[in-house]
Every structure is written in structure tokens, then in C-alpha cells.
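Chemist: Structure for this input, please:
(2 chains)
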Number of protein chains: 2
Amino acid sequence: MAEPRIVTAAVLIVGNEILSGRTQDVNLAYLAKRLNELGIRLREARVVADVEADIVAAVNACRARYDYVFTTGGIGPTHDDITAECVAKAFGLPLIRNPEAVARLERHYEAGMLNEARLRMANTPEGATLIDNPVSIAPGFQIGNVIVFAGVPRIMQAMFDGIAGRLVGGAPVLSRTVSAAVAEGAIAAGLGDLQRRYPSLDIGSYPYFRQGRFGASFVLRGTEQAQIDAAAMELRALITELGGDPLEGDATAR
Amino acid sequence: MAEPRIVTAAVLIVGNEILSGRTQDVNLAYLAKRLNELGIRLREARVVADVEADIVAAVNACRARYDYVFTTGGIGPTHDDITAECVAKAFGLPLIRNPEAVARLERHYEAGMLNEARLRMANTPEGATLIDNPVSIAPGFQIGNVIVFAGVPRIMQAMFDGIAGRLVGGAPVLSRTVSAAVAEGAIAAGLGDLQRRYPSLDIGSYPYFRQGRFGASFVLRGTEQAQIDAAAMELRALITELGGDPLEGDATAR
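Modeler: The predicted structure is shown next:
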């Protein structure tokens, strides 16, 4: 059987407000989960300021390296919204006033309200495909492997729903979590050995400290359930050997 | 008067758990706020997987470009904790078992409990300065302009408190926020004009939609209070002209 192709992605969060601490980003965790379900592995995320050169450089670094790049933020009507023009620059494409996007805005705004600032929201790189915005109409877009979303979480999520069907994923990443009240430092050697014997899996260890006891959740991720289950059985035995009581599921979240 | 020096930073979040959506990062927002208070501008953040080449490349890209680089995560005892060795590689320095870090761990662990996995937490690049960990002892470290913190928020915050006094900031970034029930698209032209006339300020616009009304909070940031106040006065007049009622403070957060 041929190895399933690994499909990768990066997320680019555009916005001074995340870097000033004004806004707690929630889009990254949302995208990470949704992409994972589609068999797309999020390999990197970057938060960049509203600075043209920085956005252009980040778009180009990521689009060359990953199958998909998702950007969030910077597509509103104000002067600090510069994502569309930066993505156009990154691709060396002209920024055009997209006729279909203009038509959508014209249908949405009352007569006389569609001013120049709002029309800027219809700007896309030439050749871009629009992404529907059922919340506030002004669309996102896709050009090449770069997918441009709004930053407002409710809008970003609606846009993702609209395009999820056109994303091509690889083998879905399956995972199983085993937790136990054992200290990471006690199990580390055995866990490292397990990782070496299951190189196709990604084994993570996430400690917690609660009610005076150390514990950890161990996450086994991979594309083959049989591998995951075999490793989980060995992990449970390892925990028992150390005097722990292995539990299925994530104890750090409880 | 000489321009105050701008001091910059990047944050590097190391960990598969953020990229898989398992864990919602909260360290970035915390660091952003604390650095801001110290007059250090966070310019960029990256989330990288537990992959040596990626961490080394990100450390080197950021340390060359910014005054400070703060990393979070990857300094525990398990096989997926590789930040210390990656930072050493990035600097081309040997990874040593830091004697002072070993001494701290020896004082902390009961006899026979300090195994090889736990001793790995005493590894640092040669020449690194330790950063105290009052929560779980295993220290962070600083080498050059790179400051290595734990990923657990409570530990990361305690480490930051311990080293905040040695960070050298520039002019603190002051800010003032004015909110109003005006649509971004209606005020965008005037706001863009205001930004052009106050180039030393960074004017951001953050929309909200609540109880059937559009509104936005406008954040004016800069190092000179007089400039901020003059721009805020003009902004309030602009809002009034559009039929809005300017309010001091952030309405998106309410």
C-alpha cells in the first residue's frame, strides 16, 4: 500500500491587536481542530503585525512550504486592513476591485451607504475565488494555495464552513489519550523508548498538577488505528508497572 | 530630544499541542501585555512544532531581527522536550549539563528520584544564565537575547516575574481607546486621514456587533501622551460629526 500523502498547512494571524495583548486569539485553536479533522496537518502558525513587508514575507515563506496557508484578519474597511493588497503583492498579482464582490456589497448596503472605504472590501488579487461571508457579506478569497479569512471568529468560522468542502486532506490524524497520576519524570525513559519503537506515531506528554498530585496525559497521534492501539496497550502496561492506574481520555482538561 | 529607542521582541511558542488544537495558548497574550508595560514591542509570534530543524530556524530568524526572543514550552523531561538542545544548536554552542541547575534539582528531588530524564531538565547551552522556577524548580535560561521559559502558564508567568527586572525596555507604549456605535465603514475615511496626520501613532479599529447595532473601538497607541490626546480629541469630533456618541474605553470587551 502506498504511503498516504501528508497534507500540510500554516496559519497566518494578521493583526496588531493580538501582538499588543488587546485580543486573545481563538482562531488558531479553531482552525487547528477543523484542519485536523480534514486530514490537514497544521505545521506552523505566525502572528504578524499590520506591516506590509512582514505580511508579504510571511505569506511567501508559508505558501512555498505548505499545501495550504490560511490567513485571518485585516480584510475590513479601515486603513489598518491591508491583507488583500499584501497577498496580491506576495503573488506579484495586481489588486483588482472584484466585480462579483462589488455586486454582493451593492445588494447588501442601502442606497448611498456603499462608500469607498466599504468598496475596499471588494479588493482581491486578480484571479481570486471568493469565499462567502454569510454574517456580514464582505467576502474572503482564495488565490493559489492561500485562503484569506476575516479575523472576527464568528465570520471566520462561517467562511471555513463554506470552503471546507473544497479542501483536499490526506489521511486523517487519529488520536488516543491515556492519562495517569504518574510524574512525567518517572515515565519519561519508558515513554521515549515507546516513541522510538513507534516512529510513525507522534507521542506527546502533557503534565498536570492537581489536588497535590502530579499526573500527565499522553497523546498518541497517527494515521493508523492499529499502531495507536498497540502503542496504547504498551503505554498502559508501562503506567501499571510504575504503580499508576491508566485511564482513557484527557485528565489535564478535567 | 533624541528619539527614544524602540525595543522589539518576538515570541516563539514551541509545541505540537498548540498546532493540533489540543491546547489553547494563553502565553502569547500574557507576554504581549507584560512586554508592552515594559516598553518592549512584540512584533511577531510563531508557533512551531516539536521539530528540531523548525525550532532552530525560527530561533535564528527571530534572534537576528529582534532585541529579545522569548520561547515557551519544550523544557520538560520527556522525549518531546527539545527546546534547550535546539537553542544550543541555533547558537552553535555545546549543550551542557548546567551544574547550578543540577544542584537545584538535587535539592528538590528525594534521594533516588533524580533520574536521567529529570536531569535532562538541567541541560542548557554553554554560558546560559538560569531563570528561576519557583513552581517546579527545573529552571529556564537565557542565552544571548533568547529567553527560554516553560510552557505551563503558571510556571511561565513566575519565570517572567523573575527576569522582568533585567529586561531593558524603550519608551513605554501608551494607549487610549475611544468607542462609539458607528459602523467602521462609515468612519473609515476620516480615520485613515487621522492616521496619516498622526504617523507616530498606531491607530487600530476593532468592530463589534451587539444588540442589533454596529460599533467599533478605536485604539490610539504611541509613546507621547500629548499626541495621543490630540488625536483622540479629533477622533471624538469625527464620531460626533457622524451622529455617534464617543465613549472613553473599550466597548468591544463589554
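
Chemist: Any figure for the gap between the residue lying closest to A:H108 once chain neighbours are set aside and B:A186?
Modeler: Leaving out its chain neighbours, the residue that sits closest to A:H108 by Cβ to Cβ, 6 or more residues apart in numbering or on different chains is A:I137, at 4.2 Å. For glycine as for every other residue, the C-beta is placed from the backbone atoms N, C-alpha and C. A:I137 sits at a distance of 16 Å from B:A186 (criterion: Cβ to Cβ, to the nearest Å).

Chemist: next one: A:N36
Modeler: As judged by Cβ to Cβ, A:N36 and B:A186 stand 40 Å apart.

Chemist: what's the answer for A:E17, then?
Modeler: 21 Å.

Chemist: again with A:H108
Modeler: For A:H108, the distance to B:A186 (Cβ to Cβ) stands at 14 Å.

Chemist: likewise A:V87?
Modeler: Per Cβ to Cβ, A:V87 is found 26 Å from B:A186.

Chemist: Looking at those two, which has the bigger crowd around it?
Modeler: Between A:V87 and B:A186, A:V87 has the larger neighbour count (other Cβ atoms under 10 Å in any protein chain shown), namely 32 against 20.

Chemist: Quickly find the element holding that one.
Modeler: If you go by DSSP states H and E, A:V87 is part of helix A:83-91.

Chemist: got a list of what A:I55 touches?
Modeler: With contact taken as Cβ atoms under 8 Å, 6 or more residues apart in numbering or on different chains, A:I55 is in contact with A:L12, A:V14, A:V48, A:G74, A:I82, A:T83, A:C86, A:V87, A:A90.

Chemist: beta partners of the first one?
Modeler: Per DSSP bridges, residues listed as beta-bridge partners of A:L12: A:R46, A:T71.

Chemist: contacting residues for it?
Modeler: With contact taken as Cβ under 8 Å, 6+ apart, A:L12 is in contact with A:A45, A:R46, A:V48, A:I55, A:A58, A:V59, A:C62, A:V69, A:F70, A:T71, A:T72.

Chemist: Closest one of the residues you listed to A:A216?
Modeler: Among the contacts of A:L12, A:A45 lies closest to A:A216 (Cβ to Cβ), at 24.6 Å.

Chemist: My read is that that closest one contacts A:L28, right?
Modeler: Yes - contact criterion Cβ atoms under 8 Å: A:A45 and A:L28 qualify, at 5.4 Å.

Chemist: Are there residues contacting both of these two? Which ones?
Modeler: A:V11, A:I13, B:I18, B:V47.

Chemist: just checking, the last one touches A:A45?
Modeler: This points to B:V47. Yes - using Cβ under 8 Å, B:V47 makes contact with A:A45 at a distance of 4.0 Å.

Chemist: Break chain A into its domains for me.
Modeler: Structurally, chain A divides into domains by automatic domain parsing as follows: A:7-166, A:174-248.

Chemist: most tightly surrounded among these?
Modeler: Mean neighbours per residue, mean count of other Cβ atoms under 10 Å in any protein chain shown, is largest over the domains of chain A for domain A:7-166, with a mean of 20.

Chemist: pLDDT (mean, whole number) over that domain?
Modeler: Domain A:7-166 shows a mean pLDDT of 96 in the predicted model.

Chemist: same question, stretch A:190-201
Modeler: Mean pLDDT, stretch A:190-201: 97.

Chemist: With chain B in mind, check whether it reaches it.
Modeler: Yes - against chain B, stretch A:190-201 shows contacts by Cβ under 8 Å from any Cβ of the partner chain at A:L191, A:G192, A:Q195, A:R196.

Chemist: and those, which two are the farthest apart?
Modeler: Pairwise distances across the residues of stretch A:190-201 next to chain B peak at 9.9 Å for A:L191 and A:R196 (criterion: Cβ to Cβ).

Chemist: Quick check: neighbours shared by these two?
Modeler: Listed as contacting both A:L191 and A:R196 by Cβ under 8 Å, 6+ apart are B:H79.

Chemist: got the angle for the one helix or strand A:C62 maps to vs helix A:83-91?
Modeler: Assessed by DSSP H and E, A:C62 sits inside helix A:52-65. When axes from the mean of the first three to the mean of the last three Cα atoms, to 10 degrees is applied, the directions of helix A:52-65 and helix A:83-91 differ by 60 degrees.

Chemist: Let's see helix A:52-65 as CSV, backbone CA atoms only.
Modeler: Extracted in CSV, the C-alpha atoms of helix A:52-65 (Å, rounded to 0.1, in the frame of the first residue of the first chain):
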residue,chain,number,x,y,z
GLU,A,52,3.1,45.2,4.6
ALA,A,53,6.6,43.9,4.3
ASP,A,54,6.1,41.5,7.2
ILE,A,55,2.8,40.1,5.8
VAL,A,56,4.2,39.7,2.3
ALA,A,57,7.3,37.9,3.6
ALA,A,58,5.2,35.6,5.8
VAL,A,59,2.8,34.7,3.0
ASN,A,60,5.6,33.9,0.7
ALA,A,61,7.6,31.8,3.2
CYS,A,62,4.5,29.8,4.1
ARG,A,63,2.9,29.3,0.7
ALA,A,64,6.1,27.9,-0.7
ARG,A,65,6.4,25.4,2.2
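
Chemist: Check the contact lists of B:V47 and A:A45 and give me the overlap.
Modeler: A:L28, B:I18, B:L19.

Chemist: Am I right that the second one is in contact with A:A32?
Modeler: Yes - here B:I18 lies in contact with A:A32, judged by Cβ under 8 Å, at a distance of 7.4 Å.
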